[in-house]
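>>> Quick one: sequence plus predicted model below, questions after.
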Protein chains: 6
Amino acid sequence: MPDLVQYEDASAEVRAVYDDIKQTRGVPDVNNFWKALATHPPTLKRTWESLKDVMAPGTLDPVTKEMLYLAVSITNGCGYCIASHGAAARKAGMTEEMWGELLAVVGMANETNKLAFALQVPIDPQFQGKGSKA
Amino acid sequence: MPDLVQYEDASAEVRAVYDDIKQTRGVPDVNNFWKALATHPPTLKRTWESLKDVMAPGTLDPVTKEMLYLAVSITNGCGYCIASHGAAARKAGMTEEMWGELLAVVGMANETNKLAFALQVPIDPQFQGKGSKA
Amino acid sequence: MPDLVQYEDASAEVRAVYDDIKQTRGVPDVNNFWKALATHPPTLKRTWESLKDVMAPGTLDPVTKEMLYLAVSITNGCGYCIASHGAAARKAGMTEEMWGELLAVVGMANETNKLAFALQVPIDPQFQGKGSKA
Amino acid sequence: MPDLVQYEDASAEVRAVYDDIKQTRGVPDVNNFWKALATHPPTLKRTWESLKDVMAPGTLDPVTKEMLYLAVSITNGCGYCIASHGAAARKAGMTEEMWGELLAVVGMANETNKLAFALQVPIDPQFQGKGSKA
Amino acid sequence: MPDLVQYEDASAEVRAVYDDIKQTRGVPDVNNFWKALATHPPTLKRTWESLKDVMAPGTLDPVTKEMLYLAVSITNGCGYCIASHGAAARKAGMTEEMWGELLAVVGMANETNKLAFALQVPIDPQFQGKGSKA
Amino acid sequence: MPDLVQYEDASAEVRAVYDDIKQTRGVPDVNNFWKALATHPPTLKRTWESLKDVMAPGTLDPVTKEMLYLAVSITNGCGYCIASHGAAARKAGMTEEMWGELLAVVGMANETNKLAFALQVPIDPQFQGKGSKA
């Protein structure tokens, strides 16, 4: 188990981040992820500020953002991330049926990605340069 | 470049799949991905039938499904898949702003996934067994 | 731990899949993988039918198919998959010596794959377009 | 394009490796992969000696070894490796039908690996400790 | 090719980031990576500010940071990243010999990582909880 | 848990490798990784000899090599490798602050790698062919 920095042992700099996480999320304590990151305070601060910014409601609603996060975490095989963002997605409104469909899409996408690699498929002319613009 | 099976050279079995793809998607021809898969007809048929089923509208709408597909393809680094499903997502309604937010979430998720691996963070008790149920 | 759907709690639709798995494989109960997938019955059914089809004896014999499956699972770092398909491969005839050689090939392939990425090696003219056809 | 060390420009140490590759494989020249590796002679030598050893016929025949190599390369998305080992597998006897079945297994394995990650399936008691022994 | 936002077409917000990149790095123009990111200005700004912060000299010198960046990029198979950070590493002092040794370490680490997955090696008691603290 | 070959049960061939590891590293016993690899003696011997060669001091000092190894292991999500090479890096001189900076670089590199994939950024002319030479 990694070192986990508890609130009572934390520096003022770390406590300020913990306080912001608790207030933003309305939770009584921060997750282990943040307690582990706190062993390097600059990375704790930078990561939290980026994440708070990126996951805030925008054009995409919070449940869609959490599901995208899950799709990445499943593809990377990150157990901690699936557990914590699975809980966050559920809290944001993901139902059992939505999770089932997410699973189906993520599974198929991983299959077809590998088939596309295997066959080294040339990009169709009509898709050229379209991946990066909406 | 891989072998690409054109409609005029395809067997009846392959043509039947091509016809179904064209009708389902309302397109005049199938993408190179399918033409490359057609070198192994059973895999062409099975993959198309699975994909048609999985990507059909359900609890999740088509644009959400295409964005999940993109999140996986970006994480796997599959250029063909980003190009073809980027186009499909746009057709289904993804705007430039949605694409920008998707990028931000996928980027951050890949960063934090690796931090979670690095720190070997233990799963918080409240997340135990929650990743898999909504 | 995820929700696992036991036979006695399963719907008729799920039981039909479980029965087919048990009969096809000659086992008294299905693995945890299927019990976890059963939380989304359409994905359970589609995945089993694809897998049954793909892993059935063909030009490649079952032990070769299981070893290919293991090569993928090792490369993806999927512990569950290595454990369950390691058992399946052994049942299909993989010996200790075959496993040792598989390990050696998979290890070397992962090393040389990364060296090829690092050096951004251009494809030799004689290999152009040959990856996808036998 | 990376630096490629041609035979005529190579040191005696590099030429000795090139000669061994050409003799072992019965080819008139070495592939670009080796010419790129030759920019660091110790890595060229060590990699070739390991690969020669690992890919030599053993309990597994050469075509099975090449197919395992391809399964890894497809999973890693290494275009160069798929092209060069696709050619090697074909030379060793892989038919179009075998390639099609390999594709099907590799695609499915990537799908089910991700589903196993997503569901964080606990290893069944009967598979405990069996992944690593044949 | 993705949309690339050139300086003359950029908004004031984007120009301010470009100016900071050019000044920090002492270069006459920004790389394509930043021009592509500029299609989503908040992600451009956040990514540049994080990167500037993370890659600044600290306890680790710039060439070590660039080599760590390369080790990740090779493992992920990101061609663009290998090219641009290969150039940055060289500018920061990486010699041909250092690059050769980096390649050797990255290749071996990828091989042994996969062997550790394959064998599902239990963590030795003396390494428990030591991965995350120096 | 995999089979672990203890010294007292090992063949002469395996014992010779164990003895070399213990002497080279100045440790009383070998790690579980080697005991697991010993189930296939040729892979044990080849892997140890390669690793000993690659990790020996060269132009890069041991702590830099161990940090590169860690960067790969974090990117691959290999828990065992992070634990054992985290300990080795610390023994070689990696401080808490160096580990924190390593984490920051590895996290950012994984984020920007995925953004580069997503945007399919074309390689800038000045970086062409520079990734592979120092």
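Okay, I see it.

>>> okay, now the domains of chain A?
As assigned by automatic domain parsing, chain A contains the domains A:1-56, A:57-120.

>>> what ranges do the helices span in chain A?
A:12-25, A:32-37, A:41-55, A:62-76, A:79-91, A:96-119 (DSSP state H).

>>> Of these, which is nearest E:Asp29?
E:Asp29 lies closest to helix A:41-55 among the helices of chain A, at 26.3 Å (Cβ to Cβ). The C-beta positions use only the backbone N, C-alpha and C, and glycine is treated the same way.

>>> by contact count, what packs against that closest one?
Under the contact definition 3 or more Cβ pairs under 8 Å, 6 or more residues apart in numbering or on different chains; DSSP states H and E, helix A:41-55 sits against helix A:12-25, helix A:32-37, helix A:62-76, helix B:96-119, helix E:41-55, helix F:96-119.

>>> Can you give me the pLDDT of the spatially most central residue of chain A?
For chain A, the residue nearest the mean C-alpha position is A:Tyr69 (3.8 Å; Cα atoms, centre = their mean). In this model, A:Tyr69 is scored at 98, pLDDT.

>>> A:Ser132 now?
Reading off the confidence values, A:Ser132 has pLDDT 43.

>>> Okay, now the unreliable bits of chain A?
Scanning chain A for pLDDT under 70 picks out A:1-2, A:129-134.

>>> still on that earlier bit, of all the helices and strands packed on helix A:41-55, which one is nearest C:Ile123?
If you check each of the helices and strands packed on helix A:41-55 against C:Ile123 by Cβ to Cβ, helix F:96-119 wins as the nearest, at 19.9 Å.

>>> Not counting sequence-adjacent ones, nearest residue to A:Lys88?
Slight slip there: residue A:88 is Ala, not Lys. Excluding its sequence neighbours, the residue lying closest to A:Ala88 (Cβ to Cβ, 6 or more residues apart in numbering or on different chains) is A:Glu66, at 5.2 Å.

>>> what's the answer for A:Thr24, then?
Counting by Cβ to Cβ, 6+ apart, A:Lys52 is the residue found nearest to A:Thr24 once chain neighbours are left out, at 6.0 Å.

>>> how near is the one you found to chain F?
To chain F, A:Lys52 is 16 Å away according to Cβ to the nearest Cβ, to the nearest Å.

>>> these two touch, right, that residue and A:Arg25?
No. Between A:Lys52 and A:Arg25 there is no contact under Cβ atoms under 8 Å: 9.2 Å.

>>> Of all residues in chain A, which one is closest to chain D?
Closest residue of chain A to chain D, Cβ to the nearest Cβ: A:Glu111 (3.9 Å).

>>> Enumerate every residue touching whichever residue of chain A sits closest to chain F.
Residue of chain A nearest chain F, by Cβ to the nearest Cβ: A:His40 (2.9 Å). The neighbours of A:His40, taking Cβ atoms under 8 Å, 6 or more residues apart in numbering or on different chains as the test, are F:Glu96, F:Glu97, F:Trp99, F:Gly100, F:Glu101, F:Leu103, F:Ala104.

>>> Adding distance to C:Ala16, write the domains of chain A out as a markdown table.
As requested, these are exported to a markdown table (distance: least, Cβ to Cβ, whole Å):
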| stretch | distance to C:Ala16 |
| --- | --- |
| domain A:1-56 | 41 |
| domain A:57-120 | 18 |
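
>>> from those domains, which stretch is densest packed?
Mean neighbour count (mean count of other Cβ atoms under 10 Å in any protein chain shown) peaks for domain A:57-120 among those, with a mean of 23.

>>> got the end-to-end distance for it?
For domain A:57-120, the first-to-last residue distance is 38 Å (Cα to Cα, to the nearest Å).

>>> Also stretch A:57-68?
Counting by Cα to Cα, you get 14 Å between the two ends of stretch A:57-68.

>>> Outside of that stretch itself, list whatever touches it.
A:54-55, A:85, A:88-89, A:92-94, A:98, A:102, B:64, B:67-68, B:71, B:95, B:97-98, B:101-102, B:105-106, B:109.

>>> cutoff 6 Å now
Residues from elsewhere that reach stretch A:57-68, judged by Cβ atoms under 6 Å, 6 or more residues apart in numbering or on different chains: A:55, A:85, A:88-89, A:92-94, A:102, B:64, B:71, B:97-98, B:101, B:105.

>>> and what of stretch A:112-125?
For stretch A:112-125, the surrounding residues in contact (Cβ under 6 Å, 6+ apart) are B:1-2, B:31-33, B:36, B:73, B:76, B:78, B:80-81, B:83, C:131-132, D:74, D:77, D:79, D:103, D:106-107, D:110.

>>> quick one on the thing from earlier: if I pick the residue nearest to the residue of chain A closest to chain D when sequence neighbours are not counted, what's in contact with it?
Closest residue to A:Glu111 apart from its sequence neighbours, by Cβ to Cβ, 6+ apart: D:Glu111 at 3.9 Å. By Cβ under 6 Å, 6+ apart, the residues touching D:Glu111 are A:Gly107, A:Asn110, A:Glu111.

>>> quick one: A:Asn110 and D:Asn110 touch, right?
Yes. If you go by Cβ atoms under 6 Å, A:Asn110 and D:Asn110 touch, sitting 4.7 Å apart.

>>> Can you give me the distance of A:Ala36 to chain B?
Taken as Cβ to the nearest Cβ, the span from A:Ala36 to chain B is 4 Å.

>>> how close does that residue sit to B:Asp124?
According to Cβ to Cβ, to the nearest Å, A:Ala36 and B:Asp124 sit 11 Å apart.

>>> pretty sure A:Ala87 is touching B:Phe127, no?
Yes. Assessed by Cβ under 6 Å, A:Ala87 is found in contact with B:Phe127 at 5.0 Å.

>>> what's near enough to touch the nearest residue to A:Ala71 once chain neighbours are set aside?
Using Cβ to Cβ, 6+ apart and skipping residues adjacent in sequence, the residue nearest A:Ala71 is B:Ala71, 4.0 Å away. Neighbour list for B:Ala71: A:Leu68, A:Ala71, A:Val72, B:Val106 [criterion: Cβ under 6 Å, 6+ apart].

>>> try it again with 8 Å
Residues near B:Ala71 by Cβ under 8 Å, 6+ apart: A:Leu68, A:Ala71, A:Val72, A:Thr75, B:Leu102, B:Val105, B:Val106, B:Ala109.

>>> ok and the residue in chain A nearest chain C?
Closest contact between chain A and chain C, by Cβ to the nearest Cβ, is at A:Gly100 (2.9 Å).

>>> quick one: that residue and C:Leu44 touch, right?
No. Here A:Gly100 lies out of contact with C:Leu44, judged by Cβ under 8 Å, at a distance of 9.4 Å.

>>> How about the contacts made by the residue lying closest to A:Thr75 once chain neighbours are set aside?
In space, and not counting its chain neighbours, A:Thr75 is closest to B:Thr75: 4.3 Å by Cβ to Cβ, 6+ apart. Taking Cβ under 8 Å, 6+ apart as the contact definition, B:Thr75 lies against A:Ala71, A:Val72, A:Thr75, A:Asn76, B:Val106, B:Asn110, F:Lys114.
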